[in-house]
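1. What would the 3D arrangement of this be:
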Amino acid sequence: MVERIGEVIKDINQEGVSVLLVEQNVPLALGVATRGYVLQVGRVVLEGDIEKLKHSKILKKAYLGG
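-> As a prediction, the model looks like this:
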């Protein structure tokens, strides 16, 4: 089901519609987003192109167990 949701979000975006996704499932969000914001305790601690975020030590440590 989660994979299907990701596919639908990508399809909508490819039609030229912007999508605001607020998601705690980080792998899903990283798979569909082109830009992201990482919040900790209500503050933006990281933002930028999704490829930059995928390689961020902050994101890996806080949300991906590494």
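2. got a list of what residue 36 touches?
-> 29, 30, 46, 47, 48, 50, 53 (CB atoms under 8 Å, 6 or more residues apart in numbering). In this view, the C-beta of every residue, glycine as well, is placed from N, C-alpha and C.
3. Return the residues in contact with residue 51.
-> Residues near residue 51 by CB under 8 Å, 6+ apart: none.
4. quick one on the thing from earlier: of the contacts of residue 36, which is the most crowded?
-> Neighbour counts for the contacts of residue 36 (other CB atoms under 10 Å) peak at residue 53, which has 21 neighbours.
5. still on that earlier bit, just the contacts of residue 36 now: which is nearest residue 40?
-> Nearest to residue 40 among the contacts of residue 36, counting by CB to CB, is residue 46 at 8.7 Å.
6. Mind telling me what element the residue nearest to the spatial centre of the chain is part of?
-> Nearest to the geometric centre of the chain sits residue 29, at 3.1 Å (CA atoms, centre = their mean). Assigned by DSSP states H and E, residue 29 belongs to helix 26-32.
7. Check the offset of that helix from the chain's centre.
-> 5 Å (CA atoms, centre = their mean, to the nearest Å).
8. what do you get for stretch 35-52?
-> Using CA atoms, centre = their mean, the offset of stretch 35-52 from its chain centre is 9 Å.
9. Next: stretch 27-36.
-> With CA atoms, centre = their mean as the basis, stretch 27-36 stands 3 Å off its chain's centre.
10. What separates the first and last residues of that stretch, distance-wise?
-> 12 Å (CA to CA, to the nearest Å).
11. Of the contacts of residue 36, which belong to helices?
-> Of the contacts of residue 36, the ones assigned to helices by DSSP state H are 29, 30, 50, 53.
12. Let me have those residues in a markdown table, adding distance to residue 6 as columns.
-> Shown next, in a markdown table, are the ones in helices among the contacts of residue 36 (distance: CB to CB, whole Å):
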| residue | distance to residue 6 |
| --- | --- |
| 29 | 9 |
| 30 | 10 |
| 50 | 13 |
| 53 | 16 |
